[in-house]
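> Generate coordinates for the sequence data below:
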Amino acid sequence: MKRAVCLWLLTLALGNPGTARASEPVDRLLIEAATPEALRARLLSHAAAVPDSGRVEKGEAWYYAGLSYDRDGLVDSAIVCYQQAYDQRGETGERDALVDALLLRDGPGDPARALALLRRPAAATELSTSWDPFDFDGRQVWALYLGGQTDSALQLLHTMPASLYDERNPLGREWRYRAGLMELEHGDPTVAYVHLTPLALASRLKDADVMQMMREIGDKTGAWSHLQTAMNRELAVRDRDELLMLNGLKARRVRFQAEDGFPLGGIVFAPSGSRRARAAVILLPHDIGFGTYDSLCTGLRRAGYASVLLELRGAGGSVDRSCPLPGTWRGRETRMQSQVARDVVFALRALAMATPVDTTAYLVVGDGPTASIAIEAAELDPRVRLLVLLSPAPCPVDLGPSRARLEATRLPTFFEVPAEDMQSLPVADAWNRAADPRASRVVESERVGHAAQVFRYDREALLRLRRWLDETWLAGRGRAPRRSR
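Sure thing, here's the model as predicted:
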């Protein structure tokens with residue numbers, strides 16, 4: 001039995017962790033290109049122009065061109081670019097990107113080609129992560145399995161430590177899916193159940209592929225009714241625990257629909273009383289829970305703002321069969337980011353239904369990888385008055401398009417960069433030059449905590465943000481008209 005397999009996002013934060021930072025010429029291309037198409041054309045032209053002595057620079061250009069193709073679902077072009085990048089530099093980042101693309105395409109000879117790449121030595125980079133050894137073995141397992149070497153794949157799989165499936169590993173859920181599939185088709189269905197249950201629950205039983213496998217497990221074990229009951233009971237427990245947490249924060253969940261009918265979820269923090277509040281829409285990254293924003297949202301509430309935390313498609317309450325988990329963004333990241341940017345206005349409407357707010361102007365907050373989405377949402381809706389970007393960490397190929405959007409809107413923007421996220425400072429500086437230079441700020445904090453966590457540990461950070469909002473809100477009303485691009 002052959003199934004469609006999704007690969008989890010590899011380019012959160014500042015890109016593939018196994019790939020070295022770009023050189024200055026490639027950096028300049030990344031920040032200057034206003035569209036994915038323009039970026040790819042300029043990168044490929046640059047790669048062709050660099051002399052053979054500049055293998056590192058050529059490899060960088062090829063790699064980022066491949067990454068851009070990859071995010072638009074153009075896997076054949078991505079593989080060509082990744083191969084060129086690996087031939088030039090031979091680093092683990094290019095090799096892993098190439099292997100993942102080959103295993104995703106799974107065409108004739110692709111698994112054997114991926115396995116051969118994994119068995120060749122590659123140059124390690126200083127940015128490699130603690131998950132790399134586990135992911136390396138996981139890739140070997142999957143390449144063996146897709147290549148028809150089932151027994152060898154299962155034998156190697158059974159030597160894998162539990163760390164392979166750790167939720168903190170960006171590929172952890174993908175390995176769960178693959179292990180569950182392998183055990184169901186050729187191993188132990190009860191072990192498959194253990195692997196797949198977290199995915200079923202995270203998707204709120206909406207992942208059709210996972211649930212089909214769960215049904216097959218139930219049929220093989222004769223326990224389908226019991227499995228259904230157990231999963232529904234666990235969802236009820238999770239919902240109850242969430243409600244208790246929301247009550248403690250004086251917040252509540254809202255559910256609403258996007259323009260295409262996709263069900264969306266959010267968390268509302270509303271001030272008391274009937275006075276119309278200023279509105280804020282906060283974009284949650286896939287891997288961050290709403291509890292992280294308690295101090296920020298409580299502080300905004302005291303300042304007269306009502307906030308809605310919008311859960312991105314594929315996470316929390318924003319799940320459906322077409323996008324049940326974050327990994328289903330794979331190969332359509334650019335399109336999904338644009339869709340979520342369009343979801344922002346519907347989050348504003350849901351906030352207005354939940355509590356009195358002024359919908360003529362509002363604030364949008366992006367956190368880490370959602371900073372690019374926040375900027376795109378501001379371009380789409382002229383009612384967005386201000387932007388707050390916390391530890392901006394876009395995929396590198398989004399740097400230029402986001403800069404161009406900021407330059408077009410000239411929105412006042414507040415960049416918060418905690419000490420633990422200092423790697424996002426170059427992004428904040430580059431984008432700050434494109435935003436309204438008179439009203440925008442780049443603010444650093446020396447306290448612990450990532451992104452929104454800094455407001456929990458640094459009281460001055462919240463005071464600085466509130467002062468900036470008060471000073472800038474009215475000034476943001478009269479910005480220059482938007483330019484078409």
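> What ranges in the stretch 351-485 of the chain fall below the confidence cut-off?
Within the stretch 351-485 of the chain, the ranges that satisfy pLDDT under 70 run 476-485.
> so residue 400 touches residue 39, yeah?
Yes: taking contact to mean Cβ atoms under 8 Å, the distance of 5.9 Å between residue 400 and residue 39 places them in contact. Where you see a C-beta, it was placed from the backbone N, CA and C, and this is true even at glycine.
> and for these two, which residues touch both?
For the pair residue 400 and residue 39, residues contacting each of them under the criterion Cβ atoms under 8 Å, 6 or more residues apart in numbering are 29, 30, 33.
> Export the residues you listed as JSON lines, with columns for distance to residue 305.
Compiled in JSON lines, the shared contacts of residue 400 and residue 39 are given as follows (distance: Cβ to Cβ, whole Å):
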{"residue": "29", "distance to residue 305": "38"}
{"residue": "30", "distance to residue 305": "34"}
{"residue": "33", "distance to residue 305": "35"}
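> Neighbouring strands - and their directions - for the longest strand along the chain?
Of all the segments of type strand in the chain, defined by DSSP state E, the longest one is strand 357-367. Using DSSP bridges, the strands paired with strand 357-367 in its sheet are strand 277-284 (parallel), strand 384-390 (parallel).
> Need the winner for burial among those.
strand 384-390 (a mean of 27; mean count of other Cβ atoms under 10 Å).
> got the CA positions of that one in PDB?
Backbone C-alpha positions of strand 384-390 (Å, rounded to 0.1, in the frame of the first residue of the first chain) are rendered in PDB as follows:
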ATOM      1  CA  VAL A 384      -3.900  47.600   9.900                       C
ATOM      2  CA  ARG A 385      -2.400  50.600  11.700                       C
ATOM      3  CA  LEU A 386       0.600  49.300  13.400                       C
ATOM      4  CA  LEU A 387       2.800  46.100  13.400                       C
ATOM      5  CA  VAL A 388       4.600  44.500  16.300                       C
ATOM      6  CA  LEU A 389       7.100  41.800  15.300                       C
ATOM      7  CA  LEU A 390       8.600  39.700  18.000                       C
END
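> Next, the residues that contact it from outside, please.
So strand 384-390 is in contact with 361-368, 371, 374-375, 377-378, 409, 411-416, 428, 431, 435, 451-452, 454, 465, 469, 472-473, 476-477, going by Cβ under 8 Å, 6+ apart.
> Quick one: name whatever helix or strand follows the helix or strand of the chain with the lowest mean pLDDT.
Lowest mean confidence among the helices and strands of the chain (mean pLDDT, DSSP states H and E): helix 454-457, at a mean of 89. Moving toward the C-terminus from helix 454-457, the first helix or strand encountered (DSSP states H and E) is helix 459-472.
> got the buried residues for that next one?
Neighbour-count burial for helix 459-472, counted by 16 or more other Cβ atoms under 10 Å, picks out 461, 462, 464, 465, 466, 468, 469, 472.
> again with stretch 419-431
Buried residues in stretch 419-431, counted by 16+ other Cβ under 10 Å: 420, 421, 424, 426, 427, 428, 430, 431.
> Show me what that stretch is in contact with.
Counting by Cβ under 8 Å, 6+ apart, the neighbours of stretch 419-431 from elsewhere in the structure are 13-14, 31, 368, 371, 375, 389, 391-394, 399, 402-403, 406, 413, 415, 417, 442, 444-451.
> Try it again at 7 Å.
Counting contacts by Cβ atoms under 7 Å, 6 or more residues apart in numbering, the residues outside stretch 419-431 that touch it are 14, 31, 391-394, 399, 402-403, 406, 415, 417, 442, 445-451.
> Can you select the buried ones from the residues you listed in ChimeraX?
Restricted to buried positions by 16+ other Cβ under 10 Å, the ChimeraX selection for the contacts of stretch 419-431 reads:
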select :14,31,391,392,393,394,399,402,403,406,415,417,442,445,447,449,450,451
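> Which of the contacts of stretch 419-431 fall within helices?
Of the positions in the contacts of stretch 419-431, 31, 399, 402, 403, 406 sit in helices, assigned by DSSP state H.
> Would you reformat these as TSV and include distance to residue 277?
Converted to TSV, those look like this (distance: Cβ to Cβ, whole Å):
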residue	distance to residue 277
31	36
399	34
402	28
403	32
406	26
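> Just name the closest of those to residue 302, please.
Within the ones in helices among the contacts of stretch 419-431, proximity to residue 302 (Cβ to Cβ) peaks at residue 406, which comes in at 28.9 Å.
> who touches that closest one in this structure?
If a contact means Cβ under 7 Å, 6+ apart, then residue 406 has 375, 413, 431, 434, 435 as its contacts.
> How about residue 451?
When the contact criterion is Cβ under 7 Å, 6+ apart, the partners of residue 451 are 367, 368, 390, 391, 418, 421.
> The residue nearest to the fifth one when sequence neighbours are not counted: how many residues sit nearby?
Distances taken as Cβ to Cβ, 6 or more residues apart in numbering put residue 454 closest to residue 418, at 4.1 Å, once the chain neighbours are dropped. The number of residues packed near residue 454 is 29, by other Cβ atoms under 10 Å.
> isn't residue 70 right next to residue 80, touching?
No: when contacts are counted by Cβ atoms under 7 Å, residue 70 is not listed as touching residue 80 (11.2 Å).
> in the stretch 251-400 of the chain, which spans are strands?
Read by DSSP state E, counting those that start in this stretch, the stretch 251-400 of the chain holds these strands, from start to end of the chain: 251-257, 263-269, 277-284, 305-311, 357-367, 384-390.
> In TSV: the ones you listed, plus distance to residue 162.
Conversion of those to TSV gives the following (distance: least, Cβ to Cβ, whole Å):
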stretch	distance to residue 162
strand 251-257	32
strand 263-269	30
strand 277-284	27
strand 305-311	28
strand 357-367	29
strand 384-390	32
